[in-house]
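Peer 1: I would like the atomic coordinates for the input below:
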Amino acid sequence: MTDKPGKPLDAEVQELVAYLDEVLRDYERYVGEIGRLGYAAPQLLYYRDEVQDLMEALAPEAGVDLKPRWKKIRELDLTVRGKAVELVREVGHANFKQYQIVNNPPQTRWWWYLNRTTADPEPAKVPVWQWWRR
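Peer 2: Have a look, this model is predicted:
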């Protein structure tokens with residue numbers, strides 16, 4: 001298997017490329033389902049993380065042409081940004097804060113911080129009989 005013209009890719013790089021393509025397809029599937037992901041919504045964030053890790057692992061010197069994959073990732077990321085309100089609602093605004101604490105992602109991994117770019121939904125109305133919670 002060669003991705004760029006020239007020398008064939010070694011087995012480890014081939015395996016990484018195949019796994020990257022698989023994870024990228026999963027990320028694409030999840031992006032297409034934003035608004036209907038339900039409890040699986042946080043998985044989209046983990047798929048995006050995995051895509052980023054693999055892209056960074058496949059440095060240009062590995063002989064892999066990453067441009068088409070970066071283009072696909074950019075298109076999917078633009079969709080995620082465009083549907084940020086829906087995704088944050090699905091994951092849960094407060095849940096994003098928990099994921100930030102648990103995973104401690106760098107600021108460059110913007111998908112973990114989408115809650116900062118969307119308004120916090122109005123708090124649930126407290127029933128009258130729970131007056132002490134107001």
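Peer 1: start and end of stretch 112-120, how far apart?
Peer 2: This stretch, stretch 112-120, spans 15 Å end to end (Cα to Cα, to the nearest Å).
Peer 1: now do that stretch: distance to the chain's middle.
Peer 2: 14 Å (Cα atoms, centre = their mean, to the nearest Å).
Peer 1: buried stuff in it?
Peer 2: 112, 114-115 (16 or more other Cβ atoms under 10 Å). Where you see a C-beta, it was placed from the backbone N, CA and C, and this is true even at glycine.
Peer 1: and the residues you listed, which is closest to G35?
Peer 2: Nearest to G35 among the buried residues of stretch 112-120 is L114, at 14.1 Å by Cβ to Cβ.
Peer 1: burial count for the closest residue to the closest one other than its chain neighbours?
Peer 2: The shortest distance from L114 to any non-neighbouring residue, by Cβ to Cβ, 6 or more residues apart in numbering, is to A84 (4.7 Å). Neighbours of A84 under the rule other Cβ atoms under 10 Å: 18.
Peer 1: and the longest helix for this protein?
Peer 2: helix 11-32 (DSSP state H).
Peer 1: rewinding a little: looking at the buried residues of stretch 112-120, which is nearest M55?
Peer 2: W112 (16.5 Å).
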